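Novice: what's the 3D shape of this:
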Amino acid sequence: MLLILAGQVRVAPGAEFLSRLGGLSKIHWYLVRLALLVLLALFVSRLDVCFAGTHTILDAKGRKIHVEQPFSRIISLYGAHTENLFYLGLTSEIIGVSVNDRFPPQVDSKQRFSFHDDPEKFLAARPDLVLIRPMIDNGYPDFVRQLERFNITVVSLQPSDVNEMFAYWVTLGQLTGKTAAAEQLVTDFQKKTREIASLLPPVKARKKVYFEAIHARMKTFTHGSMAIYALETAGGINVAADAPSSRNTNIANYSKEKILAKAQEIDVFLAQKGIMNPVSMEQIVTEPGFHIIKAVADDRVYLVDENIVSRPVPRLLQGIVAIGDLLYPDIFAKIKKDL
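Specialist: I've put the predicted structure just below:
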């Protein structure tokens, strides 16, 4: 017989006794023991598989979350979380989304939640996980504490650069039992960006770009942000690479004076457009002083959807292609066809 004690598997003394009384020869007993060892190896291997999903995750607030089984009733209060969960195939596990979520279309079938709601609304939905971002954690600590008081696991995540984005995708996979799918998402994304890089023009021939984040405040993006990663992966050169971060965010300070000081270097003026920057082409080209910018004079001012250039989601690849198509249409005509 087999005894399992403290994680070890041993042949019970009674088995030796049975071998002596049962008349088994030494060679037969050797074969029996060998077969038992093979079965044991298979058993231990199976145990490794069973517990492969156990993870300890550290979130942006420093919480340690021990994941012994996947969370299966999830409320997401940040659009990037929502989008990534759908990419991982968790349509059934998502029971609620933010009031501001618009993508993918499946969000329309989900109940809407906000950090302004009473905790009772969350309790009634019976989530086992609420995904937030640091802005909620820092701005609405009482809301978070009330959820945790009722034993709802709260996880705060938001990557600040692309390497963190890849780790963030895997973390979402670990929380939900989709680690392999998340790792494949990373692999596919990196493979496609390498393909793009192999087709780009030499550095000396690349366009210099100013990438606007918030027109009203003359803000751009920090080096390493999603938007600048998208720009540089598409072959653009960021003329505002020296822009300092504003309040430790991925938004950077860059005054009109600094923009105009580089007016003749700016081949393309790019601006994100959306909730964060509700700007129009006319606002940019008629901005006092902007007429001296090379890109404005050459009619090379473009708007791109902020949802595909500033969020840590696989759609960032669409943002890369959209920017590349504006900078090098001939090259990206082929890339769009291959991707």
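Novice: Distance check, Glu265 against Val144.
Specialist: With distances taken as C-beta to C-beta, to the nearest Å, Glu265 is found 45 Å from Val144. Quick note: C-beta positions are derived from backbone N, CA and C, even for glycine.
Novice: Give me the more crowded residue out of these two.
Specialist: Val144 (21 against 14; other C-beta atoms under 10 Å).
Novice: All the helices of the stretch 201-339 of the chain, in order from the start?
Specialist: Under the criterion DSSP state H, counting those that start in this stretch, the stretch 201-339 of the chain contains helices at 226-233, 256-261, 281-285, 294-297, 316-327, 329-338.
Novice: Residues contacting the shortest one, please?
Specialist: Put plainly, it is helix 294-297. By C-beta atoms under 8 Å, 6 or more residues apart in numbering, the surrounding residues in contact with helix 294-297 are 210, 263-269, 284-285, 290-291, 301.
Novice: Closest to Glu195 out of these?
Specialist: For the contacts of helix 294-297, the minimum distance to Glu195 (C-beta to C-beta) is 22.7 Å, reached by Val268.
Novice: What are the boundaries of the strands in the stretch 151-300 of the chain?
Specialist: Under the criterion DSSP state E, counting those that start in this stretch, strands of the stretch 151-300 of the chain are mapped to 153-156, 208-212, 219-221, 237-238, 251-253, 268-273.
Novice: What residue spans form the domains of the protein?
Specialist: As assigned by automatic domain parsing, the chain contains the domains 2-50, 55-184, 200-338.
Novice: which of these has the lowest average pLDDT?
Specialist: Among the domains of the chain, domain 2-50 carries the lowest mean pLDDT, a mean of 41.
Novice: Please name the nearest non-neighbouring residue to Ile275.
Specialist: Among residues not flanking Ile275 along the chain, Glu306 sits closest, at 7.3 Å (C-beta to C-beta, 6 or more residues apart in numbering).
Novice: can you check Thr193 too?
Specialist: Thr233 (5.5 Å).
Novice: Let me see the contact set for the one you found.
Specialist: When contacts are counted by C-beta under 8 Å, 6+ apart, Thr233 touches Thr193, Ile196, Ala197, Ile320.
Novice: let's go with 10 Å and repeat that
Specialist: Residues in contact with Thr233 (C-beta atoms under 10 Å, 6 or more residues apart in numbering) are 162, 192-194, 196-197, 200, 316-317, 319-321, 323-324.
Novice: picking up where we left off before, how close does the residue nearest to Ile275 sit to Ala213?
Specialist: Glu306 is 9 Å from Ala213, where distance means C-beta to C-beta.
Novice: So between those two, which is more surrounded?
Specialist: Ala213 (28 against 19).
Novice: Might you report the residue contacts of the residue lying closest to the more buried one once chain neighbours are set aside?
Specialist: Closest residue in space to Ala213, ignoring its immediate chain neighbours: Lys219 at 4.5 Å, by C-beta to C-beta, 6+ apart. If you count contacts by C-beta under 10 Å, 6+ apart, Lys219 has them with 212-213, 240, 243, 246, 249, 251-255, 276-277.
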